[in-house]
Every structure is written in C-alpha cells, then in structure tokens.
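# Sequence first, predicted model second:
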Amino acid sequence: MDQITLTIDGREVRGEKGQTVLEVALKSGIKIPHLCYHPKISKTGACRVCLVRINGTILKASCVEPITEGMNVITEDEEIVKIRKWILELLLSDGDHNCLYCEANGACEFQSLIQRYNIGEVKPDRQRTVKEVDYESSNALRRNENRCILCGRCVKACKEIQVMNVWSFAERGSGTHLVADDDKNIGDSSCAKCGTCVQLCPTGALSFQTVSGKGANWELTSTPSICIYCGVGCKIDFYKNREGVLVKAMGNNTGPNNGHLCVKGRFGFDFVQSNKRLTTPLIKKNGVFEEASWDEALDLVATRLTEIKEKYGSDSIGSLSSAKCTNEENYLMQKFMRAVIGTNNIDHCARL
Ligand code: FES
C-alpha cells in the first residue's frame, strides 16, 4: 500500500492511497462532522456537512476527497462553521425535528450536530410539506419521513449490506422522499426486517417498534452478547430499559457480523421475557401437562429411553439439540447419544 503523509489541523498524519480525508481524520482521532457518510456503505457526498479547507483555499467534502501527498487540511474555521450552520439550519427547517416525541432523542447524530453548532429553532419561510408517517404497517420498523434528511444511508444499507434494495428516493427537489419498493407501506414491502437501515439512520426517521414507548435512549443500558440462533455467532448489544425489559438489539461491530444482523438476531429476543417460557419440567399425565420436579422428570426420561433402546434398538432414538445451549452443553448431548444411547442420530437447529 502506498503511504501518504498529510497535515490535518496542523498534525501530521498518515493514510493509504485511495483513502479519503474523512477516513484518515477519523482513524487519527480527528473529528469531522458528517451525516451521509458511514463506514459500512459506499460514499455519497450528499450532505456536505463534512466540508473542510484544502491547502488553504478550496472547500471540499472530506468524505469523498482522496488524500494526496503533502495535503494541508483545516477541518474548521469561521467560514466552514458558517456554512455548516446553514446546511444544518436548512435540514432542520425542512422537517419535523421535535425531539420531545422522537424515538431517536439522545441517540441522534443530527441532534448532536444541532447542539454542537448551537442552532436554535428555525422558522421555515414557506409552509413545510407534511410527509408520510408509517407507524403501523410493519411489526418491526417505523418510518417518519418528516424526520428524514435524505442522507441516503438507509438506501445504501439496504442495497449494499442486506442486498434487498427496498429503500429508494422518489420524486425530485423539495418533493424528494423515501419509498419502500414502489411506494408501499413497510409492512407490505419486500423488507426482510434486518433493521440495518434503522441502525445506520442518523435521525429518528426509521426506528424499531420494540423501542417505541419503552423508555428514553439515555435510560437504556447495553450488554454485549452472542446471538443464539445459528452457527455464525453474531455479536449483539442488547439494550434493556429501566424496568429491565429488553427493548433493542444492535449489531456489534467487533463480531463476525461486523454490525449486521438478520431478522432473528434483531428481533428474536422476545422469548427471553415471555410468560410462556418453561420454568419447571412438565410431565403429561392423562393427556394434560403437569408440573414436576427435575428428579421426577429425569427419572422418567431415563426409564423410557432404557425401555425404548431395549425394545427397538439404539438407532430408534435420536436427539435434536439447540443453539440456545452452550457449546459445552451441545458437546455433552452428542457424547450422551453416542456413548450412552449408542447412536449417531444427532442434529442441531444451528445446522439449518
Ligand atoms: Fe460528506 Fe455528507 S458526510 S457529504
């Protein structure tokens, strides 16, 4: 790789040929505000919030500007601040960004920039077009286009990461808006409910149903964990609210999933707090399940397995283990089947 040396805010930094100013700055711990840029998708260069001064004169969008040898970059000066504020004010005036009733409040990149640049209420000079809200059609996602800043992250997340191409922009100019498939409700669209678009959305335009009404973002605490559904072992950050209820699963960037989740990992955590979950063994007596002790249940299983093996042979028995068990538990299960029962009839749901 060709190494390139440049200066950002008076600091000498190094990058590789092909990298952009923003990439090198972020890697070097230098913060440049950005909205449409996200490291997991291709570059868009749409919002222009990331503009920087190159070699003392020209202003460029740092997220699409390749680094060159000896380049001198200034990330913020009086003129840059003025332009950034204009851009943020325009975005603010064109939507309904009342954080009081927004699910993203406290976890919104747009809100952070509005606060960083000390921008107050902006009165639009024309009647704002009220855009579509779709809170009902999908049991997974919610959409409020009035909070959309048209950064395109969701469109690219769906196209480049999930490869579903559900989201796109329709119409032009001030009428530009986000549509699912050919302008369907989310629930009627081909959305696979992976939630990647929500995870990358820098505002509250897209959000999860599971979070709605379950507490503010600053009340949630996260715990890293591993998905229990398949053999990939995706890393997930589970969020619970003040009542201890799990409300959100976010892909953790350090796992094999690199932040991405499928529908099961994203939303399949409701069983954890289901009141239908078994808390004690049940034995069917006269066609009805009755609660039993573990000793009672294990004695029954041992007796019946012995009877079946003697009468029909070892291969008349098989086992289905579960990804919800640990590796050690699954190992013990196959060992038990092979060494005690004497069969290789073993399977596991993570093989699917
Ligand atoms: Fe660079 Fe949007 S982050 S143009």
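Now that the structure is in, tell me what you want to look at.
# Only C-alpha atoms from now on, for both contacts and neighbour counts.
Fine.
# what residue ranges in the stretch 101-250 of the chain are flagged as low confidence?
Counting by pLDDT under 70, the stretch 101-250 of the chain contains no low-confidence range.
# since we're on whatever residue of it ends up closest to the ligand, how many residues are nearby?
Proximity of the stretch 101-250 of the chain to the ligand (CA to the nearest ligand atom) peaks at residue 151, 7.1 Å away. As a burial measure, residue 151 scores 18 neighbours (other CA atoms under 10 Å).
# quick one: furthest residue from the center of this protein?
Distance from the C-alpha centroid of the chain, by CA atoms, centre = their mean, peaks at residue 311 (52.3 Å).
# and it, that's in a helix?
Yes: counting by DSSP: H, G, I helix; E, B strand; the rest coil, residue 311 is part of a helix.
# Got the phi and psi for residue 147?
Backbone torsions of residue 147, given as degrees, to the nearest 10, read phi -100, psi 0.
# List, one by one, the residues from the chain near the ligand.
Neighbours of the ligand within the chain, by CA under 6 Å from any ligand atom: 34-37, 45-50, 61-63.
# export those residues to TSV and tack on secondary structure and neighbour count?
As requested, those are arranged in TSV below (DSSP: H, G, I helix; E, B strand; the rest coil; neighbours: other CA atoms under 10 Å):
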residue	secondary structure	neighbour count
34	coil	21
35	coil	23
36	coil	23
37	coil	27
45	coil	21
46	coil	16
47	coil	20
48	coil	22
49	coil	25
50	coil	26
61	strand	21
62	coil	28
63	coil	29
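# got those residues as JSON lines, with distance to residue 69 and pLDDT columns?
Below are the residues of the chain next to the ligand laid out as JSON lines (distance: CA to CA, whole Å; pLDDT from 0 to 100):
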{"residue": "34", "distance to residue 69": "24", "pLDDT": "98"}
{"residue": "35", "distance to residue 69": "27", "pLDDT": "97"}
{"residue": "36", "distance to residue 69": "26", "pLDDT": "98"}
{"residue": "37", "distance to residue 69": "23", "pLDDT": "98"}
{"residue": "45", "distance to residue 69": "22", "pLDDT": "94"}
{"residue": "46", "distance to residue 69": "26", "pLDDT": "93"}
{"residue": "47", "distance to residue 69": "26", "pLDDT": "96"}
{"residue": "48", "distance to residue 69": "23", "pLDDT": "96"}
{"residue": "49", "distance to residue 69": "24", "pLDDT": "97"}
{"residue": "50", "distance to residue 69": "21", "pLDDT": "98"}
{"residue": "61", "distance to residue 69": "18", "pLDDT": "97"}
{"residue": "62", "distance to residue 69": "15", "pLDDT": "98"}
{"residue": "63", "distance to residue 69": "17", "pLDDT": "98"}
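# on that earlier part again, give the contact list for the nearest residue to the residue of the stretch 101-250 of the chain closest to the ligand once chain neighbours are set aside.
Spatial nearest neighbour of residue 151, excluding adjacent residues (CA to CA, 6 or more residues apart in numbering): residue 36 at 4.6 Å. Residue 36 makes contacts with 43-47, 151-153, as judged by CA atoms under 8 Å, 6 or more residues apart in numbering.
# so which strand or helix has the residue nearest the centre of the chain?
The centre of the chain sits closest to residue 199, judged by CA atoms, centre = their mean, with a distance of 3.4 Å. In this structure, residue 199 sits in helix 196-200 according to DSSP states H and E.
# Name the strands paired with the next helix or strand along the chain from that helix and say parallel or antiparallel.
Next along the chain after helix 196-200, taking DSSP H and E as the criterion, comes strand 206-208. For strand 206-208, the paired strands and their directions (DSSP bridges) are strand 141-144 (antiparallel).
# Which residues outside the strand it pairs with are in contact with it?
If you take CA under 8 Å, 6+ apart as the criterion, strand 141-144 is touched by 131-136, 186, 193, 195, 198, 204-209.
# switch the cut-off to 10 Å
For strand 141-144, contacts defined as CA atoms under 10 Å, 6 or more residues apart in numbering pick out 96, 102-103, 131-137, 178-179, 185-187, 191, 193-195, 197-198, 203-212.
# Could you do stretch 172-192 as well?
For stretch 172-192, contacts defined as CA under 10 Å, 6+ apart pick out 94, 128-129, 131-146, 148-150, 152, 154-155, 158, 162-171, 193, 205, 262-263.
# same check, this time on stretch 61-69
Residues from elsewhere that reach stretch 61-69 (CA under 10 Å, 6+ apart): 3-7, 14-25, 32-39, 42-54, 73, 75.
# for it, how far is the first residue from the last?
This stretch, stretch 61-69, spans 18 Å end to end (CA to CA, to the nearest Å).
# Stretch 233-244 too?
Counting by CA to CA, you get 24 Å between the two ends of stretch 233-244.
# cool, and stretch 308-324?
One end of stretch 308-324 sits 27 Å from the other (CA to CA).
# same check, this time on stretch 253-268
Start-to-end span of stretch 253-268 (CA to CA) is 19 Å.
# circling back to that earlier point, closest one to residue 273 out of the contacts of residue 36, please.
Nearest to residue 273 among these: residue 153, at 32.5 Å, using CA to CA.
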